[in-house]
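[1] Turn this into a structure:
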Amino acid sequence: MFLWLNLLLWSGIGLGYFLQPPLSSSPSVYVYDGVKVQRQVEGELYDKFVAAWKIEVARRFPYALLFVCHGSVGYDIVTGLPGWYLFPEASGRIPVRVDLMARKIRDANPGRVIVILSCNPGHFKLTGLPGVYYALDSIWLWPDKNVEDTSGIKAEPGVVGNIHEFVSAE
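    Have a look, this model is predicted:
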């Protein structure tokens, strides 16, 4: 009896080995270490959030450049018209329009997807920037899947916390 069970076990293992799919058809692995980060936010607090967003971005763009900066509605000093601006924390830095910074970053990193992690409460849209992705609303510090208390997400469903909610600037 023991011999039959042993034979059955080993034949099942052998059959399973030959029936497994080739490596080329196995599911892709998220390479979050391939995501590079350029940030203009300071402090230990942001280290954890940026690390979580790096993994989240890799779910969709494994080799993206993640640009992190505070963003909000700003006003052009000449025309007075509202626009989407970045507000860097580094001393000596002044607010800059997101479209100008996105173009600069994209031109400096040809062929790499650029993900702008910056709040956009004015729901401004970028165009003419293929390969650049951004959110159409404010962004949660923690990506959705890292949030334990979802009451905030339920209260403000428009706020972005998932890389698949980011849109292209094409």
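[2] Look up which helix or strand the spatially most central residue of the chain falls in, please.
    Taking Cα atoms, centre = their mean, the centroid of the chain lies closest to residue 57, which sits 2.7 Å from it. Element membership for residue 57, per DSSP states H and E: helix 44-58.
[3] Now that helix - C-alpha only, PDB.
    Provided in PDB are the C-alpha atoms of helix 44-58 (Å, rounded to 0.1, in the frame of the first residue of the first chain):
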ATOM      1  CA  GLU A  44      10.100  62.200   7.300                       C
ATOM      2  CA  LEU A  45       6.300  62.100   7.100                       C
ATOM      3  CA  TYR A  46       6.400  62.000   3.300                       C
ATOM      4  CA  ASP A  47       9.000  59.200   3.100                       C
ATOM      5  CA  LYS A  48       6.300  56.600   3.900                       C
ATOM      6  CA  PHE A  49       3.700  58.100   1.600                       C
ATOM      7  CA  VAL A  50       6.100  58.400  -1.300                       C
ATOM      8  CA  ALA A  51       7.200  54.800  -0.800                       C
ATOM      9  CA  ALA A  52       3.600  53.600  -0.800                       C
ATOM     10  CA  TRP A  53       2.800  55.600  -4.000                       C
ATOM     11  CA  LYS A  54       5.900  54.200  -5.600                       C
ATOM     12  CA  ILE A  55       4.500  50.700  -5.300                       C
ATOM     13  CA  GLU A  56       1.100  51.900  -6.400                       C
ATOM     14  CA  VAL A  57       2.500  53.600  -9.500                       C
ATOM     15  CA  ALA A  58       4.400  50.400 -10.400                       C
END
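[4] Give the other helices and strands that the very next helix or strand once past it contacts.
    Next along the chain after helix 44-58, taking DSSP H and E as the criterion, comes strand 65-68. If you count contacts as 3 or more Cβ pairs under 8 Å, 6 or more residues apart in numbering; DSSP states H and E, strand 65-68 packs onto strand 36-39, helix 44-58, helix 98-108, strand 114-117. Just so you know, the C-beta spots here come from the backbone N, C-alpha and C atoms, and that holds for glycine as well.
[5] Which residues belonging to the helix holding residue 57 are considered buried?
    Residues of helix 44-58 classed as buried: 49-50, 52-58 (neighbour count, 16 or more other Cβ atoms under 10 Å).
[6] quick one on the thing from earlier: show the contacting residues for the residue nearest to the centre of the chain.
    Applying Cβ atoms under 8 Å, 6 or more residues apart in numbering, one finds that residue 57 lies in contact with 32, 35, 64, 66, 115, 117, 163.
[7] and the two most separated of those residues?
    32 and 117 (14.2 Å; Cβ to Cβ).
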